[in-house]
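Chemist: Kindly return the folded structure for what I paste below:
(2 chains)
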Amino acid sequence: MNQRLDVDATADQMLMIAGRQYTSRLMVGTGKYRDLNQTAAAIEASGAEIVTVALRRTNLGQNPNEPNLLDVISPKKYTILPNTAGCYTVADAVRTCQLARELLDGAALVKLEVLGNEKTLFPDVVGTLDAARQLVEDGFEVMVYTSDDPIVAAELESIGCVAVMPLAAPIGSGLGIQDPYKILEIVENAKVPIIVDAGVGTASDATLAMELGCDGVLMNTAIAAAQDPIRMARAMRYGIVAGREAFLAGRMPKKRYASASSPLDGLFF
Amino acid sequence: MQVQLNGEATTWRSGETLQKWLEEQGKAEHRLAIEVNGSILPRTEFEQYTPSPGDRIEVIAAIGGG
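Modeler: Model prediction:
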C-alpha cells in the first residue's frame, strides 16, 4: 500500500463521531463478499475504521466451528457499527439495536435504518424519526440512514443523532449522487457529521461526495460487487482522500472561456 | 420438552442450561445476543438459565451487512 497518499492528519481535522476520532473518512459494510477472507482483505485495503454488520439468527446445528464475522473483524481493531437493515417497523429497528448493544458489550453506536419499500429500500422517514427519538432517549448513539431531504436531515440532527447519513441513490444501485445540490444543502446546514450512505458506485462518486463537503462516505456493494473488491477498496480509499483534499483546497471557479496557463510576455514570434 | 428456537420447534433437554447448550453447539466462544420471549437475556445469566416449555428463544449473531 502506498502510504504517501494518506491524508496528513496534521493538515486536516480528524473525523469526530460520538466523541471518538477517526483518521479514515471511509466506512464500509461487510455484506456480499465471497467469504470472510475476502471481507477482511477488502476492509484492510479500504483503510476503514468503522465497519457495519447486520444482526441475524445464528446458524444452528451446522458447521459448529465455522468462523464468526467478529473473529475476523475484531471489535478491538474496528469500531463495529451494527445496522438495522431489513427493519420495516420502528419496533423491529429498536429491538435490533437493543440486541446489538447486548452483543457488543454495551457499545451504544448503531446505524439506524427503517425501510419503507422493498423495491427502492428508501427510508420510511416518519418511522426513522420515531425510532431515532426512542433510541436517543435510551442512550444510543445513532447514525441514521435517511433520504436526501434537507428538512428531515435537520430534524434528525435536532433529535440528537450523532451523524446523519443521506442516501446518494438507492442502496446497492451504484447510481452515484443523484442530487448533489440536496446533499450540499444538508452539509451546509449541519453541525453533526454528514455521511453519504448508499448509492455510490465507483471511486469518483465517493470523491464527489467529499468535494461537496461531506464528512465521510459509507458503502458496501460498490466494493463487494466490483470485479476485484480489494482493488476497488483501495480505489475508494484514495477517492475519499482526493475528494476531501480538494474540498479543503477549495476548487477554482468555473469559467466559460479559456485562460492561458503560459505567460504571453516574452513571446519570440 | 419443546421450545421455539430461532423460529423452529426444537426439543430441549429438561434442566439443560443455555450455557451448556451453547457449548454443545460449539458456540460458547462466539459473540451472541439471546432473547427469551421477547426480552434480552444478559450473558451473565446463560449459566443459570434453563428454558421452560414453550419458550421462544432467539440466538442472534453479527453477520455481513452494509
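Chemist: Spell out which residues of the stretch 1-150 of chain A are next to chain B.
Modeler: Listed as neighbours of chain B in the stretch 1-150 of chain A under the rule C-beta under 8 Å from any C-beta of the partner chain: A:29-33, A:39, A:52-58, A:60-61, A:64-65, A:68-70, A:80, A:82-83, A:85, A:98-100, A:102-104. For the C-beta atoms, the positions are set from N, CA and C on the backbone; glycine is no exception.
Chemist: buried set for the helix or strand encompassing A:Leu70?
Modeler: Element membership of A:Leu70 [criterion: DSSP states H and E] is helix A:69-72. Judged by neighbour count (16 or more other C-beta atoms under 10 Å in any protein chain shown), helix A:69-72 contains these buried residues: A:Leu69, A:Leu70, A:Val72.
Chemist: try stretch B:10-20
Modeler: Neighbour-count burial for stretch B:10-20 flags B:Trp12, B:Leu18, B:Gln19 (criterion: 16+ other C-beta under 10 Å).
Chemist: mind checking the end-to-end distance for it?
Modeler: 16 Å (C-alpha to C-alpha, to the nearest Å).
Chemist: for stretch A:172-188, same thing?
Modeler: End-to-end distance for stretch A:172-188, by C-alpha to C-alpha: 26 Å.
Chemist: same question, stretch A:248-263
Modeler: For stretch A:248-263, the first and last residues are 28 Å from each other (C-alpha to C-alpha).
Chemist: The residue nearest to the spatial centre of chain A: what secondary structure?
Modeler: In chain A, the centroid-proximal residue (C-alpha atoms, centre = their mean) is A:Leu218; its distance is 1.6 Å. Secondary structure state of A:Leu218, per DSSP: H, G, I helix; E, B strand; the rest coil, is strand.
Chemist: so it touches A:Ser24, yeah?
Modeler: No - when contacts are counted by C-beta atoms under 8 Å, A:Leu218 is not listed as touching A:Ser24 (11.4 Å).
Chemist: overlap in contacts of the two?
Modeler: When contacts are counted by C-beta atoms under 8 Å, 6 or more residues apart in numbering or on different chains, A:Leu218 and A:Ser24 are jointly contacted by A:Ile50.
Chemist: May I ask you to confirm that A:Met232 is in contact with A:Met219?
Modeler: No - shown here, A:Met232 and A:Met219 do not form a contact pair, counting by C-beta under 8 Å, at 9.7 Å.
Chemist: before we move on, back to that, what helices and strands are in contact with the helix holding A:Leu70?
Modeler: helix A:36-46, strand B:56-64 (3 or more C-beta pairs under 8 Å, 6 or more residues apart in numbering or on different chains; DSSP states H and E).
Chemist: Show me the helices in chain B, by range?
Modeler: Along chain B, counting by DSSP state H, helices occupy B:18-24.
Chemist: Chain A contacts on that one?
Modeler: Among all residues of chain B, those adjacent to chain A (criterion: C-beta under 8 Å from any C-beta) are B:5-7, B:25-27, B:30-33, B:35, B:40, B:42-43, B:58-66.
Chemist: residue ranges with poor pLDDT in chain B?
Modeler: Counting by pLDDT under 70, chain B shows no low-confidence range.
Chemist: hang on, the earlier thing: residues in contact with the helix holding A:Leu70?
Modeler: With contact meaning C-beta under 8 Å, 6+ apart, helix A:69-72 is reached by A:30, A:36-37, A:39-40, A:53, A:80, B:30-31, B:61-64.
Chemist: Which members of these are classed as buried?
Modeler: A residue is treated as buried here by neighbour count (16+ other C-beta under 10 Å); on that basis the buried members of the contacts of helix A:69-72 are A:Thr30, A:Leu36, A:Thr39, A:Ala40, A:Val53, A:Ile80, B:His30, B:Arg31, B:Ala61, B:Ala62, B:Ile63, B:Gly64.
Chemist: Closest one to A:Val110 out of the buried residues of helix A:69-72, please.
Modeler: A:Leu70 (15.6 Å; C-beta to C-beta).
Chemist: show me the contacts for the residue in the stretch 151-269 of chain A that chain B sits nearest to.
Modeler: The minimum distance from the stretch 151-269 of chain A to chain B, using C-beta to the nearest C-beta, falls at A:Asn220 (2.9 Å). Residues in contact with A:Asn220 (C-beta under 8 Å, 6+ apart) are A:Val28, A:Gly29, A:Thr30, A:Gly31, A:Lys32, A:Thr52, A:Gly172, B:Gly65, B:Gly66.
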